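> One predicted model, sequence on top.
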Amino acid sequence: MASGARFSTPTDLVDAALAGDRLALARVLTAVENRTPVAEAALRRLYPMAGKAHLVGITGPPGSGKSTLVAALIGAVRAAGRPVAVIAVDPSSPITGGALLGDRVRMQAHTADREVFIRSMAARGHAGGLASTSTAAAAVLDAVGFDLILLETVGTGQSEVEVAAAADTTVVLEAPEMGDEVQAIKAGLLEVADIVVVNKGDRPGAQRTASQLRAMLVAVGRVGVRATGHARPAPAGEAQSERPRPKEPQVLVTTATTGAGIPDLLGALDRHRARGREADDSPARLARAEAQVWAILGDRIRADLHDSANRTATEATIREVAAHRLDPFAAADRLLARLR
Amino acid sequence: MPDRPLKVLIAKPGLDGHDRGAKVLARGLRDEGFEVVYTGLRQTPDMVATAALQEDVDVVGLSILSGAHMTLVPKVTAKLREAGMDDVLVVVGGIIPDDDVAALKEAGVAETFGPGTTIAEVAEFLRANARQRV
């Protein structure tokens, strides 16, 4: 019989997680989420084994159907016999730090399936739509063998685009009649979509919303665009500019509650994965790697500046800034100098 | 390192469809600073134990108003033990006759909370009794 107490060392815990023990996996994820010393030991071991899974970000406004879509995707993926993991993020209260994690409610059909692992995470004050530890949690699930990982963000507004760096493929959900064409051409969330899904496809206006999005999301900057909104191929030999280009997302219509459109979405995900697969230096992977290293650097610098040798000086410097006797740039320079 | 919020699963096993109380408690515990996973209605003991394991919660709160607690609760606690979640605090809320409380505690329930319990009382109990983890 399994018991939570039997993982006496981080090595035991990670070994068990790698051997398929779901309790050990859950406990590694808790360590990662709480950024304990066990998490560092576990991630150092697991990170080299990760990098094989397809990380799919699912984002969109509150109530657009992200969790229901995730549940429908789980069903389709399981029907194909593939294991799948989900990280579902909900917001933390800025006042109490508490959170209501309700995404599992939509995913009930799959809770008894061993090849489905669903983990809710509170954002814990992190503002980009994910928790600060979501990427590390995904690496753990990747390392233990989940080949598809769905990262569901908090309900997003227009600019929580962090998921695009965390995921290989970003799916942005829209509900029908959420806005006109001007909404579709605003900068932000829609720009990072690899696939745009108009969910609640059984509602009036779903197809019209999809065609508006298709017309407006064509990457105007690349090539001439005809009045119809369809892209014309670039003339042969035209110099490719180095400016970052907007993506040209595919626009699909789904009804997650009935499963309509879900096989098409899964097909689109697999095709997008196949296209991006070869590249260890793909923009998404580099961005993800950079974000992780920066976050750890930040943690390390903060920890060093609060250790016994530096704590007093750090606190004194911050007090000087608070009193406006020192500007924050000079303070940062002074503290950095202490680390060298 | 900041204080880690306690993570609580609020589950409604069985067939009664009355989840207002569970939702009020979930919301109330959120306001008390807990991270609350709410799983919705009509859970089997297996589903509750699996959710508790995957979420690695500190507390499992079962809401039962149907009178089926003597059947359902021991099944949930058995499933939790089987899953290795023997260090999880299990509490039950709902309509639980006084005569049943001893048997439920025998089955592994730490406390039962009946009508009239305040959110603050529940929160205080959970903080005082949930496992301490590093």
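Alright, I've got the coordinates.
> From here on, just use CA atoms for contacts and neighbour counts.
Will do.
> Please list the residues of chain B that sit near chain A.
B:4-5, B:26-27, B:29-40, B:46-47, B:50-51, B:53-56, B:81-87, B:134 (C-alpha under 8 Å from any C-alpha of the partner chain).
> let's see 7 Å
Contacts of chain B with chain A, taken as C-alpha under 7 Å from any C-alpha of the partner chain, map to B:4, B:26-27, B:30-40, B:46-47, B:50-51, B:53-56, B:82-86.
> give me every residue that touches the closest residue to chain B within the stretch 151-300 of chain A.
Closest to chain B within the stretch 151-300 of chain A is residue A:299: 10.2 Å, counting by C-alpha to the nearest C-alpha. Contacts for residue A:299 (C-alpha atoms under 7 Å, 6 or more residues apart in numbering or on different chains) come out as none.
> that older thread, just the residues of chain B next to chain A: which are in helices?
B:26, B:27, B:30, B:31, B:46, B:47, B:50, B:51, B:53, B:54, B:55, B:82 (DSSP state H).
> Tell me the buried residues within those.
Buried members of these, scored by 16 or more other C-alpha atoms under 10 Å in any protein chain shown, are B:26, B:27, B:30, B:31, B:46, B:47, B:50, B:51, B:53, B:54, B:55.
> Just the closest of those residues to chain A, please.
residue B:30 (4.5 Å).
> That closest one is in contact with residue A:101, isn't it?
No: Residue B:30 is beyond contact range of residue A:101, at 9.4 Å (criterion: C-alpha atoms under 7 Å).
> Tell me the residues that contact both of those two, please.
Counting by C-alpha under 7 Å, 6+ apart, the shared contacts of residue B:30 and residue A:101 are residue B:36.
> now the strands for chain A?
Under the criterion DSSP state E, chain A contains strands at A:54-59, A:84-90, A:99-101, A:116-122, A:148-152, A:169-174, A:195-198, A:250-253.
> closest to residue B:130 out of those strands?
The closest of the strands of chain A to residue B:130 is strand A:99-101. By C-alpha to C-alpha, the value is 17.6 Å.
> Work out the gap between that closest one and the centre of the chain.
Counting by C-alpha atoms, centre = their mean, to the nearest Å, strand A:99-101 is centred 18 Å from the centre of its parent chain.
> same for that strand, what does it pack against?
Counting contacts by 3 or more C-alpha pairs under 7 Å, 6 or more residues apart in numbering or on different chains; DSSP states H and E, strand A:99-101 packs against strand A:116-122, helix B:20-31, strand B:35-38.
> And the contacts of it?
So strand A:99-101 is contacted by A:90-93, A:120, A:122, B:26-27, B:30, B:34-38 (C-alpha under 7 Å, 6+ apart).
> same thing but at 6 Å, please
Under the contact criterion C-alpha atoms under 6 Å, 6 or more residues apart in numbering or on different chains, strand A:99-101 has outside partners A:90, A:92, A:93, B:30, B:35, B:36, B:37.
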